[in-house]
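Enquirer: okay, sequence plus prediction incoming.
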Amino acid sequence: MLNFPAPLRPGDLIAVTAPSSGVPAALHARLDLVIEHLRAQGYRVVEGACLRAEHKDASAPAAERAAELMRFLTDPTVAAVLPPWGGELATELLDRLDFEALCGLPPKWLLGFSDLSTLQLPLALCSGWASAHGANLMDLVPSQTDPLTTQVMAVLAADWREPVLQRPGPTYQGSWGDFATRPDVPLLLSEPVAWQRLDGGTAPLSLQGHLIGGCIDTIAWLAGTRYGAVPDFIRACGTAGTLLYLENCELNPPTLARALWSLRRHGWFDGLAGLLIGRNSGPEAPQADALSYRDALDSVLGELACPVLIDLDIGHKMPQFTLINGALASVSFADGHGALVQRR
């Protein structure tokens with residue numbers, strides 16, 4: 001459905017740039033560690049100028065970030081772009097990027113999540129490029145042992161002649177380590193993984209469709225624009241189906257409900273084969289009689305025609321799947337657990 005980049009191979013050139021938030025000096029040791037880890041795996045690395053600074057919630061002025069990202073995306077010697085992480089202001093780049101020009105070029109991987117969804121979704125919908133919603137570069141330290149996280153580069157290296165299988169581990173991260181005081185800190189896994197059906201059912205489910213989605217905090221603002229033409233994607237998938245995935249980073253329950261209502265009114269949930277919701281990292285209700293996170297989901301999604309799975313391994317409460325926008329995915333659920341299989 002979408003054009004997949006060529007598999008990553010040792011010797012390929014990876015560009016590291018920050019199209020959203022940059023890396024302040026206190027965290028340069030962590031950045032150095034993950035970049036050297038890429039080199040240790042056999043990749044060549046080029047750093048962009050928009051990377052090792054942070055001012056007014058961005059690595060550099062919008063025009064500079066957009067020009068550098070566009071240069072790396074169009075450079076035939078660059079095989080993949082791995083930003084350090086997301087941030088706040090990737091939206092400033094959208095009208096400065098030439099998505100139509102990218103349509104005619106071989107795609108390359110753009111890996112990450114959070115605010116990077118703001119770029120990945122238009123790359124899929126406007127340029128036809130598959131992209132990888134998964135762990136950010138700053139998560140890929142040599143000390144990392146979680147299988148879902150360490151599998152990221154293997155997914156980007158897959159030739160897709162065989163399906164790619166991912167299974168969650170038993171626990172997820174309840175709190176973040178301090179990258180400044182301990183640059184090599186891996187994920188701190190302590191909380192039990194437990195997928196759920198939104199309808200409260202316990203019967204097994206099997207869902208299939210082409211993946212599309214991202215962080216609702218950022219992509220909800222794209223609805224109704226050409227950068228967020230998800231209903232067109234759903235129609236193009238036809239009988240093969242669409243699995244929309246979303247995850248909440250910071251939205252409180254009322255704000256989340258408003259964002260979901262906006263997506264619903266823009267047709268993002270019409271004709272879905274399934275809706276996949278990641279673990280919530282946003283704030284909960286401040287008191288017992290206030291709208292809760294689960295209330296927000298139930299109020300907007302409770303009557304959808306498609307099945308809705310929640311608390312999946314997607315988003316800011318890591319680890320998370322490496323989800324390929326455009327891949328044909330099969331998701332199985334039973335007894336609070338599940339698995340993801342992706343095909344080209």
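Expert: Received it, and whenever you're ready, just let me know what you need.
Enquirer: rest of the way, CA atoms for contacts and neighbours
Expert: OK.
Enquirer: can you give me the neighbour number for the residue nearest to Ala80 when sequence neighbours are not counted?
Expert: Nearest in space to Ala80, with sequence neighbours left out and distances taken as CA to CA, 6 or more residues apart in numbering, is Trp109 at 4.6 Å. Look at Trp109: counted by other CA atoms under 10 Å, it has 24 neighbours.
Enquirer: isn't Trp109 up against Val78?
Expert: No - counting by CA atoms under 8 Å, no contact exists between Trp109 and Val78, whose distance comes to 9.6 Å.
Enquirer: what's near enough to touch the spatially closest residue to Ile324 that is not a sequence neighbour?
Expert: Nearest non-adjacent residue to Ile324, counting by CA to CA, 6+ apart: Ala132, 4.7 Å away. Shown here is Ala132, whose contacts under the criterion CA atoms under 8 Å, 6 or more residues apart in numbering are 109-112, 120, 156, 322-325.
Enquirer: Ala132 pairs with what?
Expert: Leu111, Ile324 (DSSP bridges).
Enquirer: pretty sure Arg65 is in a helix, no?
Expert: Yes - membership of Arg65 in a helix is supported by DSSP: H, G, I helix; E, B strand; the rest coil.
Enquirer: burial count for it?
Expert: Other residues lying near Arg65 total 25 when counted by other CA under 10 Å.
Enquirer: and for Ala101?
Expert: What Ala101 shows, counting by other CA under 10 Å, is a neighbour count of 11.
Enquirer: surely it is within a helix?
Expert: Yes - counting by three-state DSSP, one finds Ala101 located in a helix.
Enquirer: low pLDDT regions in the stretch 1-150 of the chain?
Expert: Residue ranges of the stretch 1-150 of the chain with pLDDT under 70: none are present.
Enquirer: now the strands for it?
Expert: Chain-ordered strands for the stretch 1-150 of the chain, with DSSP state E, counting those that start in this stretch as the definition, fall at 13-16, 44-47, 78-81, 109-112, 132-133.
Enquirer: any idea how far the third one is from the chain center?
Expert: The one in question is strand 78-81. Average the C-alpha atoms of strand 78-81, do the same for its chain, and the two points are 17 Å apart (CA atoms, centre = their mean, to the nearest Å).
Enquirer: same check on the last one?
Expert: In this view, strand 132-133 has its centroid 5 Å away from the chain centroid, taken as CA atoms, centre = their mean.
Enquirer: please export the C-alpha coordinates of the top strand by length along the chain as PDB.
Expert: Of all the segments of type strand in the chain, defined by DSSP state E, the longest one is strand 205-215. Output in PDB follows, covering the C-alpha atoms of strand 205-215 (Å, rounded to 0.1, in the frame of the first residue of the first chain):
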ATOM      1  CA  LEU A 205      -9.900 -11.100  19.300                       C
ATOM      2  CA  SER A 206      -8.100 -11.200  16.000                       C
ATOM      3  CA  LEU A 207      -7.800  -8.000  14.000                       C
ATOM      4  CA  GLN A 208      -6.200  -7.300  10.600                       C
ATOM      5  CA  GLY A 209      -5.700  -4.200   8.500                       C
ATOM      6  CA  HIS A 210      -3.100  -1.700   7.300                       C
ATOM      7  CA  LEU A 211      -1.600   0.400  10.100                       C
ATOM      8  CA  ILE A 212      -1.800   4.100  10.400                       C
ATOM      9  CA  GLY A 213      -1.700   6.400  13.400                       C
ATOM     10  CA  GLY A 214       0.500   8.100  16.000                       C
ATOM     11  CA  CYS A 215       0.500  10.300  19.100                       C
END
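Enquirer: all set now, cheers.
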